[in-house]
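> Fold the following, please.
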Amino acid sequence: MQQTTCNSSTNALTSIMDLPDDCLFFIFHRLDSCSDRESFGLTCHRCLRIQNLSRRSLQFECSFRQLDKPSLSHSNITINSSHVHRLLTRFQHLRSLSLSGCTHLPDSSLSHLASYGSKLHTLHLDCCFGITDHGLSVVATSCPSLQVISLYRCQITDSGLESLSNSCSTLKDVNLLYCHAISDSGLRALSQRCRQLQAVRISNCKGATGIGFQGCSSTLAYVEAESCKLAPEGISGIVSGGGIEYLNLSGLIWRSGGTGLGTIGRGFALRLKILNLRMCRTVGDESIVAIAEGCPLLEEWNLALCHEVRIVGWSSIGTNCQKLEKLHVNRCRNLCDRGLEALRNGCKQLSVLYMNGCVKVTSTAVEIFKCYRGDVTVEVEEKMCIGPSWSLCV
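As a prediction, the model looks like this:
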């Protein structure tokens, strides 16, 4: 009887809190839902500490990942340096941090990364208009393991990019959309020192000609350069690594010396699968033929509003692009019945043809195309963006 009483007393004193921390960490990570993890943290101070130390990503309430006007006005909350310090002190093992949309955040707020940023792999600073080269240099020295950084519309220059590339050689994904002060000097530092680079976005960076990419690593597979003033040597530089798979040059603004688009098909873009030349209004047959012959793996090609592509170009696409699955020809003024026939007789893997507003194509030619190519869907929709939504989640 005394033994039974003793066992009952022992069982009464045993609880989950007698487990060591590593067991509690294991239990926490086995919880699937966010609500269960939040409930775990509310149990006691010790469980809250376990939850805090287990957190790997943080996004402020005012942050956004879709860059549109509604997201910019999502919240009236102003995040300051104090908020950043308190949260970084609480969550000390973050791998991903988004401060996007914190429009008034100053450079000084990033100084707290010196103590807590060593494990950070992903950092989003989109529309942080108060962040300058000084803040970016703090990021560079504080986050040596950084692999992904997004600086959409930030007020940074080549100096900031040089600091970043000097300290963060493992960078893989860099977003510089609308960073107007960036030039080839900064891109050169990035492409030469970050040899694991896989994706770069420089759309609307009109100070860059693309020459800074010359000699880039073969790992560079994704480049967005929409509405840029690229030089022919710049286009050659972008594909010089030989690993490019996705290339967006839509709305290309010509510099003197020609377009240089033909260089895409001259041996360095053998892996290219998706090419966006939408609104490259003056690209001609010579460039189209070079690309069609030199990019055998091309799967999707946007030529909407490419008015100077004529029968020679369309025939080359039909003959050479045997892996092409999607072709965009919306509002191409010089696509005619013969051009459509060439596409019909070639492009054996074609599954979708986006076509509308082609004034030289008759309704009879369209019906014949549909009759002979029942395997192809003809869509009147005009796509503004094509290809993958590239994002490295690390």
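> which stretches of the stretch 1-150 of the chain form strands?
Secondary structure of the stretch 1-150 of the chain (DSSP state E, counting those that start in this stretch): strands at 57-59, 96-98, 122-124, 148-150.
> Turn those into TSV, columns for mean neighbour count and distance to residue 217.
C-beta coordinates here come from the backbone N, C-alpha and C atoms, glycine included. TSV is the format used below for the strands of the stretch 1-150 of the chain (neighbours: other C-beta atoms under 10 Å; distance: least, C-beta to C-beta, whole Å):
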stretch	mean neighbour count	distance to residue 217
strand 57-59	15	27
strand 96-98	21	24
strand 122-124	22	20
strand 148-150	23	16
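> now the ones you listed in TSV, with distance to residue 363?
Shown next, in TSV, are these (distance: least, C-beta to C-beta, whole Å):
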stretch	distance to residue 363
strand 57-59	51
strand 96-98	50
strand 122-124	49
strand 148-150	46
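> right, and those - which one's nearest residue 270?
strand 148-150 (26.9 Å; C-beta to C-beta).
> contacting residues around that closest one?
Applying C-beta atoms under 8 Å, 6 or more residues apart in numbering, the contact partners of strand 148-150 are 100, 121-126, 139, 164, 168, 171-175, 391-392, 394.
> Pairing partners for it, with directions?
strand 122-124 (parallel), strand 173-175 (parallel) (DSSP bridges).
> can you list those strands in TSV and add mean pLDDT?
Below are the strands paired with strand 148-150 laid out as TSV (pLDDT from 0 to 100):
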stretch	mean pLDDT
strand 122-124	97
strand 173-175	98
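> Columns distance to residue 153 on top of these, output as CSV?
Below are the strands paired with strand 148-150 laid out as CSV (distance: least, C-beta to C-beta, whole Å):
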stretch, distance to residue 153
strand 122-124, 12
strand 173-175, 10
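> picking up where we left off before, weakest of the strands of the stretch 1-150 of the chain by average pLDDT?
Among those, strand 57-59 carries the lowest mean pLDDT, at a mean of 86.
> can I assume residue 237 is in contact with residue 208?
No - the criterion here is C-beta atoms under 8 Å, and residue 237 misses it with residue 208 at 10.3 Å.
> Against residue 90, how distant is residue 142?
The gap separating residue 142 from residue 90 is 18 Å, by C-beta to C-beta, to the nearest Å.
> These two - which one has more neighbours?
residue 142 (19 against 15; other C-beta atoms under 10 Å).
> What separation do you get for that one and residue 168?
For residue 142, the distance to residue 168 - C-beta to C-beta - is 10 Å.
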